[in-house]
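Asker: Make a model of this:
(one chain, ligands or ions: 2)
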Amino acid sequence: MTEHVEQLEFQAETHQLLELMIHSVYSNKDTFLRELISNASDALDKLRLESYKDKDLHVDTSDLHVELEVDKDARILTVRDNGIGMSRAEVVDLIGTLAKSGTAELRKKLNDAKSDAAAEELIGQFGIGFYSTFMVADKVALTTRKAGETEGTRWESEGQSTYTIETLDEAPQGTTVTLHLKPADEDDHLFDYTQEWKLREIVKKYSDFIAWPVRMKVERTVTEDSGEEGEEKTERVIVEDQTLNSMKALWTRPRSEVGDEEYKEFYKHVSHGWDDPLEIIPMKAEGTFEYQALLFIPSHAPFDLFTRDHKRGVQLYVKRVFIMDNCEELMPEYLRFVKGVVDAQDLSLNVSREILQQDRQIQMIRKRLVKKVLSTVKDIQGAEDQTNYQTFWKEFGRVLKEGLLSDFDNRETLLQVSSFASTHSDSEVTTLAQYVERMAEGQDSIYFMTGESRQQIESSPHIEAFKAKGREVLILTDPVDEMWVGSVTEFDGKPFQSIAKGEIDLETEEEKKASEALREQQDKDFADVLSWLGKTLDESVKEVRLTNRLTTSPACLVGDVYDFTPMLERMYRASGQAVPESKRILELNPSHPLVTGLRDAYFTRKDDADADKVPELSETAELLYGTAVLAEGGELKDPARFAQILTDRLTRTL
Ligand code: ADP
Ligand code: MG
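Answerer: Ligands and ions are numbered 1, 2, ... in the order given. Take a look at the predicted model:
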């Protein structure tokens, strides 16, 4: 007896996605089988592990395998595994809905994906595992029973807006996926998935390395010879189970023996991705700590790289037995985009996270993996063809730079492999070594400015004198840049210096001598007006001083060396942390007509009455300060007041 059948609606995104799949012209429909076998293999891994850990789990693990079965006449393909299975809730959660973290992003992309090409790319980007079955089937059923449970679950959908789910009193252990294949294409037998040769070919191509046997019932004609002379030979058809894959763990085989295609397919299996790897990194260590590793740098950043629930990095195996996904102990956070497998020889199969955190062997392995990944990045950076490095940096540069904050041991290497936008070129990035090479005579610092966009930095007053003098400035616009510049002090003996902080002196000794008299005069001329401005703007700034960093702007705001930048303050506030309001320094351009004009006005009017009481003057001071805030892309505290004063002034000029 079965319970009533419940009909449920797919989420809007899932429905849209199914539509896409059903009408997909995705050029490689064969991949649906790879996805199903990959899921089955994961389920078998999980069951074996569970049975190690939970001695009370009474399951038969003596013949774990995947099985394909074809009913040619009914056009049904069945993929069966005797793995961990799913509970009813898991089916609803895992099969009925899509990964929650990506939903908003996916919705947006689905709406944008008007063309077939765009849809195809989307399939590739999101790696739409189980749903890829709807490329080849117009009805899909899944029956499953979770290890240790007595009731099973049946899920079925025609890929429209609904699916049904029911609880079964009985079901075999594991999961069975039944595909009601679409009618075979008359002209294109290449896509007939009831053909034995076709299935054999796909398994060989995409799933050969799967550690569990993938079996298929095949018919074989045998010729029997009774041995007696003169007797006819008889032919008989027998049905037998054939294992289609070699089951050789790819990471145990020498690189020279493995084809690139095999590596690529394995990458797709471990990463649940649909892209190709950018770099393949096989590793092998013998001796005290024996391990084999096969790592990959993907060619695309996953959409959830910066969300908290991003997982799936490196898998840990012990003596070819799968232990865990996303073994954080093997890869630092900033290399979380690296995928692959590490197979350690001398760990216990019962190893837990707690043990891993303490384990010396794991720490050693991690160290070497990190070094190897970084040296691979260095290699592609040094290669004549820069395409791969450019891709790498575009996709993962922002993540890698997080390492500048956390991985002190490799800081030097990280700085070497990093690239930055700079005023040297509008389109190309530069390495620090290239920057240092271009440094001007007498320049001893590496200049940079952080901000929200290139445009904002390039039009900020701080950069004027650097442009005028032809000094190169690094343009740092990633949020992580704000963080690392606070703790990395130098590269190649050259200190990093923010051009928006501290005092800047770009003059050579000679220039200094030449302008010495002028400076002295200016200091004298402005002394009174500076101290008056300091008082008038006391609520907004901590000091008012002259600078020679400005050429065309009247004023700019700078921080002290250890002050937070406005962007860093905003970042902290956005993450919910309280940051004290910090006042900055107002720097004035002593040759700007507005500044000299204000000075002269101050001297003529200050004796009229108390200068503070002359609204004209203090309003000009406010405007001067407000303009400096706006020029660097900042926000005014009281924009209405600023607009009011400005409007009054403009009206009077007409
Ligand atoms: P992914 O494999 O990338 O997570 P899928 O769409 O292929 O995405 O599968 C979704 C989830 O459904 C899997 O993560 C797994 O938890 C579950 N699942 C799918 N197939 C099976 C199976 N044969 N046995 C057990 N669980 C499965
Ligand atoms: Mg999958």
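Asker: and residue 598, what does it touch?
Answerer: When contacts are counted by C-beta atoms under 8 Å, 6 or more residues apart in numbering, residue 598 touches 529, 617, 620, 621, 624. The C-beta positions use only the backbone N, C-alpha and C, and glycine is treated the same way.
Asker: so which of those comes closest to ligand 1?
Answerer: Taking C-beta to the nearest ligand atom as the measure, ligand 1 sits nearest to residue 624 out of the contacts of residue 598, at 57.9 Å.
Asker: Correct me if wrong: the closest one contacts residue 555.
Answerer: Yes: Residue 624 lies in contact with residue 555 (C-beta atoms under 8 Å); the separation is 5.4 Å.
Asker: Pick out whichever of these two has more residues nearby.
Answerer: Neighbour count, other C-beta atoms under 10 Å: between residue 624 and residue 555, residue 555 has more, with 24 against 20.
Asker: residue contacts, the more buried one?
Answerer: Residue 555 neighbours (C-beta under 8 Å, 6+ apart): 461, 586, 587, 588, 589, 592, 595, 624, 625, 627, 628.
Asker: Go again with 10 Å.
Answerer: 461, 533, 544, 547, 586-589, 592, 594-595, 623-629, 631 (C-beta atoms under 10 Å, 6 or more residues apart in numbering).
Asker: ok, the contacts of residue 598 vs residue 36, which is closest?
Answerer: residue 624 (68.6 Å; C-beta to C-beta).
Asker: how about the helices in the stretch 101-250 of the chain?
Answerer: With helices called from DSSP state H, counting those that start in this stretch, the stretch 101-250 of the chain shows them at 103-112, 116-126, 196-207.
Asker: and those helices, which one is worst for confidence?
Answerer: Ranked by mean pLDDT, the helices of the stretch 101-250 of the chain end with helix 116-126 at the bottom, a mean of 65.
Asker: Now the residue in the stretch 401-550 of the chain that ligand 1 sits nearest to: closest residue in space, sequence neighbours ignored.
Answerer: Nearest residue of the stretch 401-550 of the chain to ligand 1 (C-beta to the nearest ligand atom) works out as residue 402 at 25.1 Å. Residue nearest to residue 402 in three dimensions, not counting chain neighbours: residue 334, with 4.0 Å by C-beta to C-beta, 6 or more residues apart in numbering.
Asker: check contacts around that neighbour.
Answerer: Neighbours of residue 334 in contact, by C-beta under 10 Å, 6+ apart: 370, 396, 398-407, 410, 414, 480.
Asker: Make a ChimeraX selection of whichever of these turn out to be buried.
Answerer: Buried members of the contacts of residue 334, defined by 16 or more other C-beta atoms under 10 Å, are picked up in ChimeraX with:
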select :370,396,398,399,400,401,402,403,404,405,407,410,414,480
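Asker: From the contacts of residue 334, pick the one nearest residue 274.
Answerer: residue 396 (17.7 Å).
Asker: What helix or strand is the residue nearest to the closest one when sequence neighbours are not counted located in?
Answerer: Closest residue to residue 396 apart from its sequence neighbours, by C-beta to C-beta, 6+ apart: residue 337 at 5.2 Å. Using DSSP states H and E, residue 337 sits within no helix or strand.
Asker: wait, what's in contact with residue 337?
Answerer: Counting by C-beta under 10 Å, 6+ apart, residue 337 has contacts 271, 296-298, 300-302, 305, 310, 313, 331, 373, 392, 395-396, 399-400.
Asker: Which residue ranges make up the domains of this protein?
Answerer: Following automatic domain parsing, the chain resolves into domains at 2-222+231-243, 254-389, 418-498, 510-653.
Asker: any idea where the strands of the stretch 301-450 of the chain begin and end?
Answerer: Assigned strands in the stretch 301-450 of the chain, in chain order: 314-318, 321-324, 339-344, 419-422, 425-431, 446-450 (criterion: DSSP state E, counting those that start in this stretch).
Asker: rewinding a little: gap between the residue nearest to residue 396 and residue 323?
Answerer: Distance, residue 337 to residue 323, using C-beta to C-beta, to the nearest Å: 21 Å.
Asker: My read is that residue 336 contacts residue 298, right?
Answerer: No: using C-beta atoms under 10 Å as the test, residue 336 is too far from residue 298 to be in contact (11.1 Å).
Asker: which residues touch the residue nearest to residue 321 when sequence neighbours are not counted?
Answerer: Spatial nearest neighbour of residue 321, chain neighbours left out: residue 349 (5.9 Å); criterion: C-beta to C-beta, 6+ apart. Going by C-beta under 10 Å, 6+ apart, residue 349 touches 48, 49, 52, 53, 317, 318, 319, 321, 323.
Asker: Kindly state the beta-bridge partners for the fifth one.
Answerer: For residue 317, the residues forming beta bridges with it (DSSP bridges) are residue 322, residue 343.
Asker: Remind me which helix or strand residue 591 belongs to.
Answerer: Residue 591 belongs to no helix or strand when assigned by DSSP H and E.
Asker: Likewise for the one 3 residues further on?
Answerer: With elements taken from DSSP H and E, the one containing residue 594 is helix 593-605.
Asker: Pull out the CA atoms of that helix and give them to me as CSV.
Answerer: Provided in CSV are the C-alpha atoms of helix 593-605 (Å, rounded to 0.1, in the frame of the first residue of the first chain):
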residue,chain,number,x,y,z
PRO,A,593,42.5,81.5,-6.7
LEU,A,594,39.7,80.3,-4.4
VAL,A,595,42.2,79.7,-1.6
THR,A,596,44.1,82.9,-2.1
GLY,A,597,40.8,84.7,-2.5
LEU,A,598,39.5,83.4,0.7
ARG,A,599,42.7,84.4,2.4
ASP,A,600,42.5,87.9,1.1
ALA,A,601,38.8,88.2,2.0
TYR,A,602,39.6,87.0,5.5
PHE,A,603,42.2,89.7,5.9
THR,A,604,40.1,92.5,4.7
ARG,A,605,37.0,91.4,6.6
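Asker: What's the mean pLDDT across that helix?
Answerer: Throughout helix 593-605, pLDDT has a mean value of 90.
Asker: After that helix, which helix or strand is next? Please name it.
Answerer: Using DSSP H and E, the first helix or strand after helix 593-605 is helix 615-631.
Asker: What helices and strands are in contact with that following helix?
Answerer: The helices and strands touching helix 615-631, judged by 3 or more C-beta pairs under 10 Å, 6 or more residues apart in numbering; DSSP states H and E, are helix 509-536, strand 541-546, strand 555-558, strand 584-588, helix 593-605, helix 639-653.
Asker: model confidence over stretch 279-290, on average?
Answerer: The average pLDDT for stretch 279-290 rounds to 89.
Asker: By proximity to ligand 2, which residue of the stretch 551-654 of the chain wins?
Answerer: Nearest residue of the stretch 551-654 of the chain to ligand 2 (C-beta to the ion) works out as residue 575 at 33.3 Å.
Asker: burial of that residue, as a residue count?
Answerer: Applying other C-beta under 10 Å, we find 8 other residues in the vicinity of residue 575.
Asker: Nearest to residue 237, out of the contacts of residue 349: which one, please.
Answerer: For the contacts of residue 349, the nearest to residue 237 is residue 48 (35.4 Å; C-beta to C-beta).
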